[in-house]
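Chemist: Next one to model:
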Amino acid sequence: MMRAGAHLGIAGLWGNSVRFWSNRRGVAAVEFALIAPVLLIMYFMTMEASQAIEASKKVSRVGSMVADLVTQQPTIVKADLDAIMKIGTVTLLPYNRSVPDITITAIQVTTDTPPKVQVVWSRKVTSGVYGVGAAAGSTTTVPTALNVAGTFLVRVDSTLAYKPIVGWTTDTQQKLGFIETLAKGMTMSETYYLRPRRSVTIPCSDC
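Modeler: Numbering: from 1, shown residues only. Here you go, the predicted structure:
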């Protein structure tokens, strides 16, 4: 025969369970615990996407601005080219997790039949180090629409190894799991062509 105390114990347990599941504050806490990680992930993804889009726009701006500054010069020297590329690098601020690689190449399309596309001079900055780009006299390529005999062109290639803010850390040993994958980043690049503004060609005396 079941004693009255046992009935009271079961009733008390049932009452506590009912109160627990009917407590709205408890339900809200559980819902928040389930939803909060999803909201945080969506927030960081949205933030990272907007940062990446803005960085991509700035990489394009680097190419157009550097080409514009170079093509305004009737003549140029490598010190001027280095200064212009430095200005292009500053254009990416406040993004400073990596620096862009910039290559300026002067191209002459010859009047031969068929025309040859040759490098006149080239200057580049890679990982902050300035130096000579493609060798003078070497063959290169241009888009078909720009392959016009007797044309002088300035080509600017800008490349950025974009590093997401979520995966960026000063200590590479701290990167774990998906953060390590994010930290590898992505490559953004842009190529821009312009013709000289104030002269037929733009010679560089010491390139």
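Chemist: quick one: low-confidence parts of this structure?
Modeler: 1-29, 165-185 (pLDDT under 70).
Chemist: So which residues of it form helices?
Modeler: Assigned by DSSP state H, the chain shows helices spanning 4-22, 24-71, 78-90, 177-183.
Chemist: How about E48, nearest residue that isn't a chain neighbour?
Modeler: Nearest in space to E48, with sequence neighbours left out and distances taken as CB to CB, 6 or more residues apart in numbering, is P164 at 5.2 Å. Glycine gets a C-beta too; all of them are placed from N, C-alpha and C.
Chemist: unless I'm mixing things up, P115 is touching L146, no?
Modeler: No: taking contacts as CB atoms under 8 Å, P115 lies outside contact range of L146: 10.8 Å.
Chemist: Overlap of the contact sets of those two?
Modeler: Residues touching both P115 and L146 by CB atoms under 8 Å, 6 or more residues apart in numbering: V109.
Chemist: picking that back up, what about the residue nearest to E48, how many residues close to it?
Modeler: Neighbour count of P164, defined by other CB atoms under 10 Å: 21.
Chemist: Same question for V125.
Modeler: Around V125 there are 21 residues (other CB under 10 Å).
Chemist: Could you measure from it over to N96?
Modeler: Going from V125 to N96 by CB to CB, to the nearest Å gives 16 Å.
Chemist: before we move on, what about V70?
Modeler: 24 Å.
Chemist: ok, the two, which is more surrounded?
Modeler: Comparing V70 with N96 by other CB under 10 Å, the one with more neighbours is V70, at 24 against 8.
Chemist: May I have the beta-bridge partners of the closest residue to the more buried one other than its chain neighbours?
Modeler: The shortest distance from V70 to any non-neighbouring residue, by CB to CB, 6+ apart, is to V154 (5.2 Å). V154 forms beta bridges with A106, L194, as assigned by DSSP bridges.
Chemist: Isn't V154 up against R197?
Modeler: No: in this structure, V154 is not within contact of R197 by CB under 8 Å, at 10.0 Å.
Chemist: which residues are common contacts for those two?
Modeler: T71.
Chemist: Looking only at neighbour counts, state which of those two leads.
Modeler: V154 (23 against 12).
Chemist: Would you mind listing the residues in contact with the more buried one?
Modeler: Counting by CB under 8 Å, 6+ apart, the residues that V154 touches are A67, V70, T71, I104, T105, A106, I107, Y193, L194, R195, P196, I202.
Chemist: now do 10 Å
Modeler: Residues near V154 by CB atoms under 10 Å, 6 or more residues apart in numbering: 66-71, 73, 76, 104-107, 120, 192-196, 202.
Chemist: Over to D82?
Modeler: Per CB under 10 Å, 6+ apart, neighbours of D82: I104, R123, K124, V125, Y130, G131.
Chemist: I figured the fourth one was touching V99, is that so?
Modeler: Yes: using CB atoms under 10 Å as the test, V125 is close enough to V99 to be in contact (8.3 Å).
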